[in-house]
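Participant: pasting the sequence and the predicted model now:
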Amino acid sequence: MKAAPTKITFFEFLTPFVASGKKTITIRDESECHYVPGTQVEVFTLETDIKVCDIEIESVNPIQFSEINEFHAEQEYLELGRLKEIISEVYPNTEQLYVISYKLV
Ligand SMILES: CC(=O)Nc1ccn([C@@H]2O[C@H](CO)[C@@H](O)[C@H]2O)c(=O)n1
């Protein structure tokens, strides 16, 4: 069995919202859906690989791109339009995604 991942990266501009507890979910593709509820994960900036904080994974749930709504945007601490724009840039032509929810530890 593969070990649960212990590191996650976020775009640097989003990390203050993760560290302050304002952003409580992230939406990723299949390659990043292997986080395990109850495990602790270190948060780093994507661009500069600087450690930001520690989080505990609460849940990982599949979602279709077309199902992303205001409720997710609120938890992402982003406007819905902006959220969908970012996701389409990072994961072009990917319908199957995963909502990873977490809390600060
Ligand atoms: C390799 C890597 O770090 N990738 C990503 C992928 C996504 N995100 C953010 O997650 C949310 C849903 O996609 C949005 O808020 C995105 O901006 C991120 O910060 N970094």
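Facilitator: Nice, thanks for sending it over.
Participant: now the residue positioned nearest the centre of the chain: how far from residue 1?
Facilitator: What sits nearest the mean C-alpha location of the chain, by Cα atoms, centre = their mean, is residue 26, with 2.1 Å. Separation of residue 26 from residue 1 (Cβ to Cβ, to the nearest Å): 24 Å. Yep, even glycine has a C-beta here, placed from its N, CA and C like the rest.
Participant: residue 42 reaches residue 6, doesn't it?
Facilitator: Yes: counting by Cβ atoms under 8 Å, residue 6 is a contact partner of residue 42 at 6.1 Å.
Participant: what are the contacting residues of the longest helix anywhere in the chain?
Facilitator: Looking across the chain with DSSP state H, the single longest helix is helix 80-90. Here helix 80-90 makes contact (Cβ atoms under 8 Å, 6 or more residues apart in numbering) with 11, 27, 65, 68, 69, 70, 72, 73, 76, 78, 97.
Participant: what's the average pLDDT for the one helix or strand residue 16 maps to?
Facilitator: Under the criterion of DSSP states H and E, residue 16 resides in helix 15-19. Averaging pLDDT along helix 15-19 yields 98.
Participant: what helices or strands is it leaning on?
Facilitator: strand 40-45, strand 51-64 (3 or more Cβ pairs under 8 Å, 6 or more residues apart in numbering; DSSP states H and E).
Participant: single out the most deeply packed of those strands.
Facilitator: strand 40-45 (a mean of 17; mean count of other Cβ atoms under 10 Å).
Participant: kindly format the C-alpha coordinates of it as CSV.
Facilitator: Output of strand 40-45 as CSV, limited to C-alpha atoms (Å, rounded to 0.1, in the frame of the first residue of the first chain):
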residue,chain,number,x,y,z
GLN,A,40,-1.5,15.7,8.8
VAL,A,41,-0.1,17.4,5.7
GLU,A,42,2.4,20.2,5.2
VAL,A,43,1.4,23.2,3.1
PHE,A,44,4.0,24.7,0.8
THR,A,45,3.9,27.5,-1.8
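Participant: which positions in the protein make contact with the ligand?
Facilitator: 9-11, 14, 26-28, 46, 76, 78, 86-87, 90 (Cβ under 6 Å from any ligand atom).
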